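Visitor: quick one: sequence plus predicted model below, questions after.
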Amino acid sequence: MSKITQLDPTYNLWLSYSWSNNNHGICGHTFEVIDYYHILKDNFKTGILLAEDITWNTFEASIRAKYDFTDIEIEDIKANTVFANRPTLVKGTNILFTDGGIVNNSDKTLLFDNIFYLACGNKEIKDNNNNKVWILQDDRVYEPVKVNGVDYKKKILFSRLKPITQSKDAVLVYATKNCRDISNYEELRQYGNDILVITNEENKPADLNGFTFVTPPVDNLFEQFTTYVYTPVTRKWDCSPRFIAECKHYGKNVVFHNIDYWEEDKGLYWRNWDIKNDYDSLDLHYSDDIVNILKGIIC
């Protein structure tokens, strides 16, 4: 059965990320929506579309845990957010997806004047022949776009991330089953004696001395560790890793464990290069290039 969502036509830009039968949950794409909303809302009448079974309470909690926004700013986000559980047809003016995953879902119909994607690993969106579809991508990472490609790399709203007051002397590891499954925890002991592992409930191993296993979300996460161990991604592709950039912002150490595919994973390679050599270029600010890019197309 078709689920139809008609977005308010007085808004000239919507921000969202892809949806399917499986939940992203609160993820990097959620925070990208928040980041870009904050800097675009003063230039466009901007709304947020969340199309999974996420509630305002969950969304608000993630905002308050991550950012130092005031109550007034959070109320503004609430007033301009639409919740629609997995629509199959969406109609509006212009929409920007912080990922490209929705193109894999043939049962979705998007009726917009313009559709923008911040490239995220999906190569199929580059083969479109639709002059209303625009691909914003880091040209160092991706092959050229055939139609309507714009050289642009994702950024992070560092200026509004919540300050931290302390850091526990511990090591952090992600071991989620879908992409970072770890078979040998013992080899991680080389990085420290107190290791915090974030994983799925079904993926927790038996208790191991020196390891603490928790499921996300983790309150005050950046206060829980001093060193982050970046472990391999199954698909050997991490399009624009956010967490290692946030580690740089908070002064955390990052160790790359068993990463032997740097040439294959250009997303990881160039994000790490920027962190080391051009960190300021990752900072999302009010005069970011994306403002003029969008103005040149939708205004």
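Guide: That came through, no problem.
Visitor: residue ranges with poor pLDDT in the protein?
Guide: The chain contains residues with pLDDT under 70 at 1-2, 23-24, 101-106, 121-129, 177-178, 202-203.
Visitor: make it 50
Guide: Along the chain, segments meeting pLDDT under 50 are nowhere present.
Visitor: number of residues surrounding the residue nearest to residue 132 when sequence neighbours are not counted?
Guide: Leaving aside its sequence neighbours, residue 132 sits nearest to residue 114 (C-beta to C-beta, 6 or more residues apart in numbering; 5.2 Å). Yep, even glycine has a C-beta here, placed from its N, CA and C like the rest. Using other C-beta atoms under 10 Å, residue 114 is surrounded by 19 other residues.
Visitor: same deal with residue 57?
Guide: With other C-beta under 10 Å as criterion, residue 57 counts 8.
Visitor: what is whatever helix or strand it lives in packed up against?
Guide: Assigned by DSSP states H and E, residue 57 belongs to helix 56-66. Here helix 56-66 touches helix 28-40, helix 71-79, strand 81-83, going by 3 or more C-beta pairs under 8 Å, 6 or more residues apart in numbering; DSSP states H and E.
Visitor: mind checking the ones you listed for the one nearest to residue 138?
Guide: Closest approach to residue 138 among those is made by helix 28-40 (14.1 Å; C-beta to C-beta).
Visitor: how far off centre is the closest one?
Guide: In this view, helix 28-40 has its centroid 8 Å away from the chain centroid, taken as C-alpha atoms, centre = their mean, to the nearest Å.
Visitor: for stretch 131-149, measure first residue to last.
Guide: Its start and end residues considered, stretch 131-149 measures 10 Å (C-alpha to C-alpha, to the nearest Å).
Visitor: neighbours of residue 243, how many?
Guide: 17.
Visitor: so it sits against residue 228, correct?
Guide: Yes: judged on C-beta atoms under 8 Å, residue 243 makes contact with residue 228 at a distance of 7.0 Å.
Visitor: how close does residue 119 get to residue 265?
Guide: According to C-beta to C-beta, to the nearest Å, residue 119 stands 14 Å off from residue 265.
Visitor: which one of these two is surrounded by more residues?
Guide: Just comparing residue 119 and residue 265: by other C-beta under 10 Å the higher neighbour count belongs to residue 119, 27 against 21.
Visitor: if I look at the nearest residue to that one once chain neighbours are set aside, how far off is residue 66?
Guide: In this structure, residue 119 finds its nearest non-sequential neighbour in residue 137, 3.5 Å apart by C-beta to C-beta, 6+ apart. According to C-beta to C-beta, residue 137 and residue 66 sit 25 Å apart.
Visitor: tabulate the helices and strands packed on helix 56-66 in CSV, adding columns for mean neighbour count and distance to residue 256.
Guide: Listed next are these as CSV, based on neighbours: other C-beta atoms under 10 Å; distance: least, C-beta to C-beta, whole Å:
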stretch, mean neighbour count, distance to residue 256
helix 28-40, 21, 18
helix 71-79, 13, 35
strand 81-83, 17, 36
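Visitor: so which of these comes closest to residue 286?
Guide: By C-beta to C-beta (comparing all of the helices and strands packed on helix 56-66), the closest turns out to be helix 28-40, at 5.3 Å.
Visitor: make sure residue 293 is indeed in a helix.
Guide: Yes: remark: residue 293 belongs to a helix, assigned using DSSP: H, G, I helix; E, B strand; the rest coil.
Visitor: where exactly do the strands run in the stretch 101-250 of the chain?
Guide: Counting by DSSP state E, counting those that start in this stretch, the stretch 101-250 of the chain has strands at residues 109-111, 114-118, 133-137, 149-151, 171-174, 195-198, 211-214, 227-230.
Visitor: export those strands as JSON lines, with columns for distance to residue 269.
Guide: Output for those, formatted as JSON lines (distance: least, C-beta to C-beta, whole Å):
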{"stretch": "strand 109-111", "distance to residue 269": "32"}
{"stretch": "strand 114-118", "distance to residue 269": "18"}
{"stretch": "strand 133-137", "distance to residue 269": "15"}
{"stretch": "strand 149-151", "distance to residue 269": "17"}
{"stretch": "strand 171-174", "distance to residue 269": "19"}
{"stretch": "strand 195-198", "distance to residue 269": "24"}
{"stretch": "strand 211-214", "distance to residue 269": "30"}
{"stretch": "strand 227-230", "distance to residue 269": "12"}
